[in-house]
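show me how the following folds:
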Amino acid sequence: MKLGELMKIRAVLIKHKDVADGVSIQTKYKITKFLVDTDAEASFCGKALHELEAQYWADGKLREGTEDEYASKVNELIDMEVDKSVQFSMEELEHFSLSVEDLLCLYGCIAEESQ
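Here you go, the predicted structure:
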């Protein structure tokens, strides 16, 4: 999984973590375990992005002439492979009010049922 994907998945799970009605304890635990197990990667990503902003941004604007280099560094960061994964079934996610945007973020970790 890429670090950018991990961060998107974390954001969706954190946004919906307080939903309780109908969600099984196993699903809640799976979400909790993924969030705890990926805290270090999230912290690393946040610090790295902060360092890039400190290096390339001034007065709320990207420093002129650094746009391509900044974009390249951010892409390099979010494309970094991390050894983490999580899979959800449709049943595990059915009690969450997930938007299409949420589903796009979770797309790679939803196991589709055999037709």
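
where does this protein have low pLDDT?
For the chain, the stretches with pLDDT under 70 are 114-115.

quick one, strands of it?
For the chain, the strands defined by DSSP state E occupy 57-58, 61-62, 88-89, 110-111.

next, format the ones you listed as a markdown table and append mean neighbour count.
Quick note: C-beta positions are derived from backbone N, CA and C, even for glycine. Below are the strands of the chain laid out as a markdown table (neighbours: other CB atoms under 10 Å):
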| stretch | mean neighbour count |
| --- | --- |
| strand 57-58 | 12 |
| strand 61-62 | 10 |
| strand 88-89 | 15 |
| strand 110-111 | 14 |
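
who wins for proximity to residue 23 among the ones you listed?
Closest to residue 23 of those, according to CB to CB: strand 88-89, at 11.3 Å.

nearest to residue 4, of the strands of the chain?
strand 110-111 (17.4 Å).

pull up the pairing partners for the closest one, direction included.
Take DSSP bridges as the rule and strand 110-111 pairs in its sheet with strand 88-89 (parallel).

need the strands of the chain in a markdown table with distance to residue 43, can you?
Formatted as a markdown table, these follow (distance: least, CB to CB, whole Å):
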| stretch | distance to residue 43 |
| --- | --- |
| strand 57-58 | 21 |
| strand 61-62 | 24 |
| strand 88-89 | 24 |
| strand 110-111 | 26 |
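
show the end-to-end separation of stretch 94-105, please.
End-to-end span of stretch 94-105 (CA to CA, to the nearest Å): 16 Å.

what sits up against that stretch?
Stretch 94-105 is contacted from outside by 8-9, 11-12, 15-16, 19, 21-23, 106, 110, using CB atoms under 8 Å, 6 or more residues apart in numbering.

buried subset of those residues as a PyMOL selection?
To isolate the buried members of the contacts of stretch 94-105 in PyMOL, using 16 or more other CB atoms under 10 Å:
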select buried, resi 8+9+12+16+23+106+110
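
pick the one among the contacts of stretch 94-105 closest to residue 89.
Using CB to CB, those come closest to residue 89 at residue 110, 7.7 Å.

ok, for that closest one, nearest residue in space, not its chain neighbours?
Using CB to CB, 6 or more residues apart in numbering and skipping residues adjacent in sequence, the residue nearest residue 110 is residue 88, 5.5 Å away.
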